[in-house]
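Engineer: only geometry, no sequence info:
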Ligand SMILES: C[C@H](O)[C@H](O)[C@H]1CNc2nc(N)[nH]c(=O)c2N1
Ligand SMILES: N[C@@H](Cc1ccccc1)C(=O)O
Ligand SMILES: [Fe+2]
């Protein structure tokens, strides 16, 4: 199922990831330990002020409705306090993690309506973009939509179905689908402008503008099989952004898990598609 914390900690250190995985529980959770400095509080406020202005213009309404419901904070959030509010709204809660955790463990949390939020914050030198998920990405990017019942249910369903598809050897392919939609997806509904959908865009001042507004961004119409076959890199701007015609198209992809299992069966272990060549 999931590799041990010790093995994963070694792998993260080898990749130069920042999180301290030495104090994780077996499910990769840690305590939040609310001991942030005045400087970190100031970085948090700056990030929230700038991103709130930008997402108002470029983000899909599902995210903005979530922000309005969540009531974004002028201080670094106390995960316990926010979990109390989330539980009442949609049954979700936040668990603290040291940073990126393995996909299988990640999906087990989603299936249980627990969203893993990194417990450390980016430095002021990384304000516009950071190569690994930090607390601002996980919280500001992902948590707002968990207040919206339709998306809260979708994220739990994603975790449940992913566990089943990982058992079929779909670990990489189900992660790609998550990556190109929940993390870096765009959406353009009929008669609407192109908007950001993915959390990795909501938390990055630089990439949000690039993905939605730059003529150099490579936009590809969403296609389930293509997405599941296309590789991605986590530490640079995406070389393809898939555009959903509606949220229903993404949710409906999960209605027929047999189709997803068939795609996994067809392409498991084959070379991935290059996003730049789509
Ligand atoms: C599912 C897919 O692998 C995706 O990149 C996961 C992996 N691990 C993660 N770990 C954390 N802490 N936060 C995330 O958003 C993710 N995303
Ligand atoms: N690049 C995102 C953070 C992120 C890194 C890696 C994976 C997902 C998200 C940001 O700058 O906010
Ligand atoms: Fe994320």
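Structural biologist: Cool, the structure landed. Owing to the predicted nature of the structure, the values given are computational and were not obtained by experimental measurement. Ligands and ions are numbered 1, 2, ... in the order given.
Engineer: and this protein, which residues reach ligand 1?
Structural biologist: For the chain, the residues in contact with ligand 1 (CB under 6 Å from any ligand atom) are 97, 99-101, 103, 106, 116, 118, 133, 138, 175, 178-179. Yep, even glycine has a C-beta here, placed from its N, CA and C like the rest.
Engineer: okay, buried residues for stretch 113-131 please.
Structural biologist: For stretch 113-131, the neighbour count (16 or more other CB atoms under 10 Å) marks 113-122, 126-127, 129-130 as buried.
Engineer: and the residue of the chain most remote from its centre, what's its pLDDT?
Structural biologist: Within the chain, the residue lying farthest from the chain centre (CA atoms, centre = their mean) is residue 38, at 27.2 Å. Confidence at residue 38, expressed as pLDDT, is 97.
Engineer: quick check: phi and psi at residue 220.
Structural biologist: Residue 220 adopts backbone torsions of phi -130, psi 130, taken as degrees, to the nearest 10.
Engineer: tally of neighbours for it?
Structural biologist: 16 (other CB atoms under 10 Å).
Engineer: and it, how far from residue 71?
Structural biologist: According to CB to CB, to the nearest Å, residue 220 and residue 71 sit 35 Å apart.
Engineer: any residue of stretch 118-128 touching ligand 2?
Structural biologist: No: Stretch 118-128 lies out of reach of ligand 2 by CB under 6 Å from any ligand atom, never closer than 7.3 Å.
Engineer: quick one: residues in contact with that stretch.
Structural biologist: 18-19, 30-33, 36, 39-40, 43-44, 46-47, 50, 76, 96-99, 130, 133-138, 204-206 (CB atoms under 8 Å, 6 or more residues apart in numbering).
Engineer: what's the mean pLDDT across that stretch?
Structural biologist: pLDDT averaged over stretch 118-128 gives 96.
Engineer: circling back: among the buried residues of stretch 113-131, give me the pair with the biggest separation.
Structural biologist: Using CB to CB, the two most remote members of the buried residues of stretch 113-131 are 113 and 127, lying 31.1 Å apart.
Engineer: for the nearest residue to residue 115 once chain neighbours are set aside, pull up the helix or strand it's in.
Structural biologist: Distances taken as CB to CB, 6 or more residues apart in numbering put residue 94 closest to residue 115, at 5.6 Å, once the chain neighbours are dropped. With secondary structure defined by DSSP states H and E, residue 94 is part of strand 93-97.
Engineer: what helices or strands is that strand leaning on?
Structural biologist: helix 79-90, strand 114-118 (3 or more CB pairs under 8 Å, 6 or more residues apart in numbering; DSSP states H and E).
Engineer: starting at the chain centroid, how far to the shortest one?
Structural biologist: With CA atoms, centre = their mean, to the nearest Å as the basis, strand 114-118 stands 10 Å off its chain's centre.
Engineer: next one: the longest one
Structural biologist: Centroid displacement of helix 79-90 relative to its chain, using CA atoms, centre = their mean, is 19 Å.
Engineer: which residues touch the residue nearest the centre of the chain?
Structural biologist: Most central in the chain under CA atoms, centre = their mean is residue 183, positioned 4.1 Å from the mean C-alpha point. Contact partners of residue 183, counting by CB under 8 Å, 6+ apart, are 198-200.
Engineer: for the chain, which helix is longest?
Structural biologist: helix 38-58 (DSSP state H).
Engineer: could you quantify the relative orientation of the helix or strand following that helix and helix 38-58 as an angle?
Structural biologist: Downstream of helix 38-58, the first helix or strand assigned by DSSP H and E is helix 61-70. Helix 61-70 and helix 38-58 meet at an angle of 140 degrees, taking axes from the mean of the first three to the mean of the last three CA atoms, to 10 degrees as the criterion.
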